[in-house]
Structures are given as structure tokens and as C-alpha cells.
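Asker: generate a structure from the sequence data that follows.
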Amino acid sequence: MAEDTTNDTRAGTAPAGTAALRVDGARLWDALMRLARIGATPKGGVCRLALTDLDRQGRDFFVAEAKAIGCTVRVDAIGNIFARRAGRDDTLPPVMTGSHIDTQPTGGKFDGNYGVLAGLEVLRTLADAGIVTEAPLEVAVWTNEEGSRFVPVMMGSGAFIGEFALDHVLAQTDRDGIRVGDALREIGYAGSEPVGGRAVGAYFEAHIEQGPVLEANDTVIGVVTGALGQRWYDVVLTGMEAHAGPTPMALRRDALLAASELVGIVNRIALDHPPHGRGTVGCLSVHPDSRNVIPGRVTMTVDLRAADDTVLSAMDAALHRACAALSDRSGIDIDVRQVVYFPPQPFEPRLVQAVRDGAAQQGLSAMDVVSGAGHDAVYLARVAPTAMIFVPCKDGISHNEIEDARPEHLEAGANVLLHAMLDAARRR
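Answerer: This is a model prediction of the structure:
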């Protein structure tokens, strides 16, 4: 008797019964709204900081939903959660998706949460259809992606790929001196599973874009080809404090005046390296911060980003040259210290093409984009073939309580995720 392959996802092309498969958009939206009630803010956003009781409630919600569709759930020692749906060959590395459910203090409903619940909706859809993939599928909830309460950012995924030593991250503290390890135990998510050290067959992450490009181009799906590299700096400018009245303009060593010029320099460096050059001064502190004292010291942060490491290195060199020249002509001492370096991260071309194909097969508008923000996928790409799927968010606004997205766009992205994962789970 011939083998029944109606729901078999082992073939190289979409088998009968899966090409027309779609997620339940209303069910996905309902799950997002239910999760958003945990830590809801009066302005319509969400405040659910990592490893708080609200985070525990969000984790409990995810675990209950995953178990309800037959998934096995494991938690590792840094609190990452993995919901697994078995495959025909459960010895194969899993095809994984996921994101995070911790938020900024004034966060939105969709950042991170969408990627987690879109992944769960994919597993629900397959369960409803009785489809078993060749490889197992997993949805991951990564611990402390935002870094709002504990640093470093992307803590869980970074520990998973070996970027951070487990003992190091467990010892990190928040502003109140509470350690990560203690907070995990307090909320009941200090798991027993080892952190990382296992193969991942493929990793996909669905996410709102957190920028305005898709909306401006009236496009539903962003095919993410990679993520910008980042260099972060702490800069200290030191002049001389003096009385604002008696000190002539020509005899001042005003650290703030030099800092204001440096803000413009950072902007110019980014503009000189199109199309993906980015330059931002996000923090600036003036000492002694008195209205009638010439500022003697300014501390500031600089964030440079680019899609190519050669370009990012050129921007780094331009910053150091500009600071040296500014110091010479202003008489202000300028100390530049790099504190973070993330190299640009290209994504796996085969998986990127699977995202393109998934959008095309469903008649969805799509365009290639580069992720300007850091995501857990950037770390996973170091150890597994990886791709991301972006959908628009209203006015490109994120990390904000008014963050918003259209239900039909979220559904479309989840459908692309569904078929990209099906494709990866059968191409072994």
C-alpha cells in the first residue's frame, strides 16, 4: 500500500494540504491582546520588565498556551523557555522561532510579543490541521532582550550562543541590587536545562519593523537580509568650569560648546555613509549643571551603525579623527571609549529566500530591508541559519506606549512564518 503523504512535509515542494494553509488571524490578535493586559499601562502600552512578577505572569500565560496545544516545555538556567512540538524524526535539530515578552518601561503591545505569539499560532495551526513536520519545531521566549532592568541586552539569547558566561549574567544586578539569579528563583523560572550547547536547524523571528520604511513604501512584508553592525561609545569632554559673567568668550574652555559641535559631527558622519549609516547621540550630561557656570565636563554617548563592517570601521575612524581635530582647535580634552561592538550580521540566504517565496506565494507585497535594531535573531545567526520577517508598525513608532500594528499585517507575517518554517522543517 502506498504511503499516505497528504500531510507529509518531507518533500522539497509544498505538499498537498499545506500550500493553502493559513493561521487564524483573529486567534493571534486575541492572544496578543490577552498578553498585553499583563502589565497594561493607562496610555495603552505595556510595562513588563524582565524577571518581575508581571514577567512571571506573562511567562505563565505562554507556558499554559503552549501546553494546551500539546507542546512540551523546558526552561534553561537563564530562564529561556522552549515550547517544542515533536517531529517525525525528533533527533533532528529543531526549526525554531521566537522573540521576547519583556518590555521597555513605556513599551508597546507588539515588540517581541508578536514574534512569540506568531510562533505559537504557527504551532496551533499545524496542530489543528494534524500536520507533523519532519523536524521538531520550537518556540523560544528569550530572557531579558530589552535590557531595561538588567544589562546586558539580549541576555538570554546571548547566553544561549555562548556570548555571555552563565555565571556572569546570573550575577548582574538591577538598580536595587537584585541579582538576575535571585530574580529568576523568585519568579520560578530558574530552570534546570543547560544553557545552549545544542544544535538549531534554523531560526526565524517575526517582528514589527520598529521603523517607518515598510509603511512609507505601502509594503506588508519586510524580508530582512541582515542587521546593522553597531559601535557604542562613552565620550567625556573636559574643559574648565568658570563664572559665566566675568569670563570673556575668547578665554573660555566650554565643554558643552565642544559637545554640541560633536553632536553635529556624529550626524554628518552618518550622512556621509549612505544608505545605512546611522549616528545618534542619545545621552548627554553636563557638569556642574548650573545656569551661571561655564560647563567644565560633559559626558555623552555615541551610537554608530552600518550594514557593512568596512563602512562601520570607516565611521569609527572618522569619529576619532573628528574628536582629535575638535580637541586641538577647542582646547577641550576628549576621551572616546568604545563600550559595545556588534559586527554587521548577514542572514542565511536560503532562509531569506524562503521568506521572499512565502510572501510571493501568498500575493503579499514585500521588499528587502536591513534591521537597524538589535534582536535575538542577531545572536542566533552566529550558531544557526537565521532569517527575520518584518511587518509594518504605525508611523514606525516602537518602544512607546502608542506602538500599534494592523491585525491583517500581523496575520500576514505569521502566514509567511508558517510557510518558511514548513519549508525549513522538510529540507533536511
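Asker: tell me the contacts of residue 419?
Answerer: By C-beta atoms under 8 Å, 6 or more residues apart in numbering, the contact list for residue 419 reads 14, 18, 21, 354, 357-358, 361-362. Glycine gets a C-beta too; all of them are placed from N, C-alpha and C.
Asker: distance of residue 166 from residue 159?
Answerer: 6 Å (C-beta to C-beta, to the nearest Å).
Asker: quick check: residue 180 touching residue 150?
Answerer: Yes: contact criterion C-beta atoms under 8 Å: residue 180 and residue 150 qualify, at 5.5 Å.
Asker: quick check, pLDDT for the spatially most central residue of the chain.
Answerer: Computing the C-alpha centroid of the chain and ranking residues by C-alpha atoms, centre = their mean puts residue 375 first, at 2.2 Å. Here the pLDDT value assigned to residue 375 is 96.
Asker: give me the phi and psi for it.
Answerer: Backbone geometry at residue 375, expressed as degrees, to the nearest 10, gives phi -140, psi 160.
Asker: what of the one 10 residues further on?
Answerer: The phi/psi pair for residue 385 (degrees, to the nearest 10) reads phi -60, psi 130.
Asker: quick revisit: could you pull out the residues contacting both of residue 180 and residue 150?
Answerer: 51, 144, 172-173.
Asker: can you flag the buried ones in the residues you listed?
Answerer: 51, 144, 172 (16 or more other C-beta atoms under 10 Å).
Asker: was I right about the first one contacting residue 150?
Answerer: Think residue 51. Yes: assessed by C-beta under 8 Å, residue 51 is found in contact with residue 150 at 7.2 Å.
Asker: specify the beta-bridge partners of the nearest residue to residue 213 once chain neighbours are set aside.
Answerer: Of all residues not flanking residue 213 in the chain, residue 369 sits nearest, at 5.9 Å (C-beta to C-beta, 6 or more residues apart in numbering). On the basis of DSSP bridges, residue 369 is bridged to residue 224.
Asker: go ahead and confirm residue 369 touches residue 207.
Answerer: No: Residue 369 lies out of contact with residue 207 (C-beta under 8 Å); the separation is 11.1 Å.
Asker: tell me, what's touching these two both at once?
Answerer: residue 390.
Asker: compare these two (neighbour count), which wins?
Answerer: residue 207 (28 against 20; other C-beta atoms under 10 Å).
Asker: which residues touch residue 45?
Answerer: Residue 45 neighbours (C-beta under 8 Å, 6+ apart): 103, 106-109, 400-403.
Asker: again, only this time at 6 Å
Answerer: 106-108, 401 (C-beta atoms under 6 Å, 6 or more residues apart in numbering).
Asker: quick revisit: kindly provide the distance from the residue nearest to the centre of the chain to residue 51.
Answerer: 20 Å.
Asker: which residues in the stretch 301-428 of the chain form strands?
Answerer: With DSSP state E, counting those that start in this stretch as the criterion, the stretch 301-428 of the chain has strands at 333-342, 345-346, 366-371, 386-391.
Asker: regarding the residue lying farthest from the centre of the chain, what is its secondary structure?
Answerer: Within the chain, the residue lying farthest from the chain centre (C-alpha atoms, centre = their mean) is residue 246, at 51.0 Å. For residue 246, the secondary structure call by DSSP: H, G, I helix; E, B strand; the rest coil comes out as coil.
Asker: residues contacting it?
Answerer: Contacts of residue 246 (C-beta under 6 Å, 6+ apart): none.
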